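*Asks:* Predicted model and sequence follow; I will ask about them next.
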Amino acid sequence: MPCVFYGDYYGIEEKQVSAKNEMLDEILKTRKFYSYGEQIDYFENPNLIGFVRKGDFEHPNSGIAVVMTDTTGGSIKMNMGIDFAGKQFFNCLEKSEEIVTVDAEGNGEFWCRDGSVSVWRLKENE
């Protein structure tokens, strides 16, 4: 069972911490419905890391890619598996039309912006 801190979800006015409820709702939804299967970690450098969950047959359309950084944004080529060849992923944490298309070998170039996290899931799950 995931824990979410009250202050992260609702904010802490006296500490000037803004609420992150919309982002956390999306992360929790993605974790519940799509974050299944084998996990492979990608540690590109100490400040840019990522991982994929390759999905499984018990959870239709499962499988995600996550990239995060505490400094400069960037991208990581990560392998989702050949079952995802030709599939499109969108960053469910941003209101953006940008997508990543997985190539024939199952690789996608997933990215995030400076000081942020991006959570990518199948476009058909939008």
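*Replies:* Happy to help now that I have it. From a predicted model like this one, the values you see are computed outputs, not experimental measurements.

*Asks:* Please, where are all the strands along this structure?
*Replies:* 39-45, 48-53, 64-69, 74-79, 88-91, 99-101, 107-112, 117-122 (DSSP state E).

*Asks:* The lowest-mean-pLDDT helix or strand in the chain packs against which elements?
*Replies:* Ranked by mean pLDDT, DSSP states H and E, the weakest helix or strand in the chain is helix 6-10, scoring a mean of 81. Applying 3 or more Cβ pairs under 8 Å, 6 or more residues apart in numbering; DSSP states H and E, we find helix 6-10 packed against helix 21-34. Glycine gets a C-beta too; all of them are placed from N, C-alpha and C.

*Asks:* Just the C-alpha atoms of the helix it packs on, please, in CSV.
*Replies:* In CSV, the C-alpha atoms belonging to helix 21-34 read as follows (Å, rounded to 0.1, in the frame of the first residue of the first chain):
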residue,chain,number,x,y,z
ASN,A,21,-2.7,16.3,-5.5
GLU,A,22,-3.3,16.2,-9.3
MET,A,23,0.1,14.8,-10.0
LEU,A,24,-0.1,12.3,-7.1
ASP,A,25,-3.5,11.1,-8.2
GLU,A,26,-2.1,10.4,-11.7
ILE,A,27,0.9,8.6,-10.2
LEU,A,28,-1.3,6.5,-8.0
LYS,A,29,-3.7,5.6,-10.8
THR,A,30,-0.7,4.6,-13.0
ARG,A,31,0.8,2.5,-10.3
LYS,A,32,-2.5,0.7,-9.6
PHE,A,33,-3.5,-0.1,-13.1
TYR,A,34,-0.4,-0.1,-15.3
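
*Asks:* to the chain's geometric centre, what's the distance from the least confident helix or strand of the chain?
*Replies:* Its chain's C-alpha centre lies 20 Å from the corresponding centre of helix 6-10 when counted by Cα atoms, centre = their mean, to the nearest Å.

*Asks:* Of all the strands of the chain, which one is nearest A19?
*Replies:* Across the strands of the chain, A19 has its closest neighbour in strand 117-122 (16.7 Å, Cβ to Cβ).

*Asks:* what angle separates the closest one from strand 107-112?
*Replies:* 140 degrees (axes from the mean of the first three to the mean of the last three Cα atoms, to 10 degrees).
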